[in-house]
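Student: Build me a model:
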Amino acid sequence: MSARIPLVLLACGSFNPITNQHMRLFELARDHLHQTGSSPRLKLLCGADFLDTFKVPGLWLDDHVEEVAGRFGLVCVSRGGLEPERDVHESETLSRHWQNIFLVREWVRNETSATEVRRALRRGLSVKYLLPDSVIKYIHQHNLYTGDSELKNKDVLLRPLTKQTEMPVKTLDD
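Tutor: Coordinates of the predicted model:
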């Protein structure tokens, strides 16, 4: 048995709600990094849909992308028809740090979408086997993702989705 490589994966996203596919990201990333013998410290774990947001004008500050890609690196798991290789190639920052970006192919297609899960819940449809049972129980206990709860929060923009404006850039060293 080979020695295990210390690994810390940090994932961000809405996870709204968290799905089994979100949890699968961690398994795929861990397996890939252990198989390739990489020696990660801390990496940002994301799906290809998240990586795709780096090219949205004004959503990310260039210095933040530089720090994440250059200092820490990314582990990006493929999703659907998205092309993370193209995102890396088309970004000056990401392509400069290509050696610090690990693209992981998910061979078992799973198009579970949190947006579609929320829609199903709003319509009173079953989401069993798409979400962990404990998450389904929590959603029902707190009356989340119903037509009423979605209308109540319709115009609320979540902080992570707001575009960056003239905010001072701080690095982890500051």
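Student: What is the three-state secondary structure of the nearest residue to residue 149 once chain neighbours are set aside?
Tutor: Take residue 149 and drop its neighbours on the chain: the residue closest to it by Cβ to Cβ, 6 or more residues apart in numbering is residue 143, 6.3 Å away. In this view, the C-beta of every residue, glycine as well, is placed from N, C-alpha and C. Three-state assignment for residue 143 (DSSP: H, G, I helix; E, B strand; the rest coil): coil.
Student: surely residue 143 meets residue 150?
Tutor: No: Residue 143 is beyond contact range of residue 150, at 11.1 Å (criterion: Cβ atoms under 8 Å).
Student: if we can go back for a sec, could you report the neighbour count for the residue nearest to residue 149?
Tutor: Using other Cβ atoms under 10 Å, the number of residues around residue 143 comes to 9.
Student: Also the one 4 residues further on?
Tutor: Other residues within reach of residue 147 by the criterion other Cβ under 10 Å amount to 11.
Student: so how far is residue 14 from the closest residue to it other than its chain neighbours?
Tutor: Distances taken as Cβ to Cβ, 6+ apart place residue 122 nearest to residue 147, at 5.4 Å, with adjacent residues excluded. Distance from residue 122 to residue 14, counting by Cβ to Cβ, to the nearest Å: 16 Å.
Student: what's the single longest strand in this protein?
Tutor: For the chain, the strand that runs over the most residues, judged by DSSP state E, is strand 42-47.
Student: And the helix or strand containing residue 88, how far out from the chain middle?
Tutor: Using DSSP states H and E, the element containing residue 88 is helix 84-90. Helix 84-90 sits 16 Å away from the centroid of its parent chain (Cα atoms, centre = their mean, to the nearest Å).
Student: give me the low-pLDDT residue ranges for this structure?
Tutor: Across the chain, the ranges flagged by pLDDT under 70 are 1-7, 13, 38-40, 157-174.
Student: just the strands in it please.
Tutor: So, for the chain - with DSSP E - the strands run 8-11, 42-47, 74-77, 101-104.
Student: Kindly reformat these as CSV containing mean neighbour count and distance to residue 85.
Tutor: As requested, those are exported to CSV (neighbours: other Cβ atoms under 10 Å; distance: least, Cβ to Cβ, whole Å):
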stretch, mean neighbour count, distance to residue 85
strand 8-11, 14, 20
strand 42-47, 20, 14
strand 74-77, 25, 9
strand 101-104, 20, 6
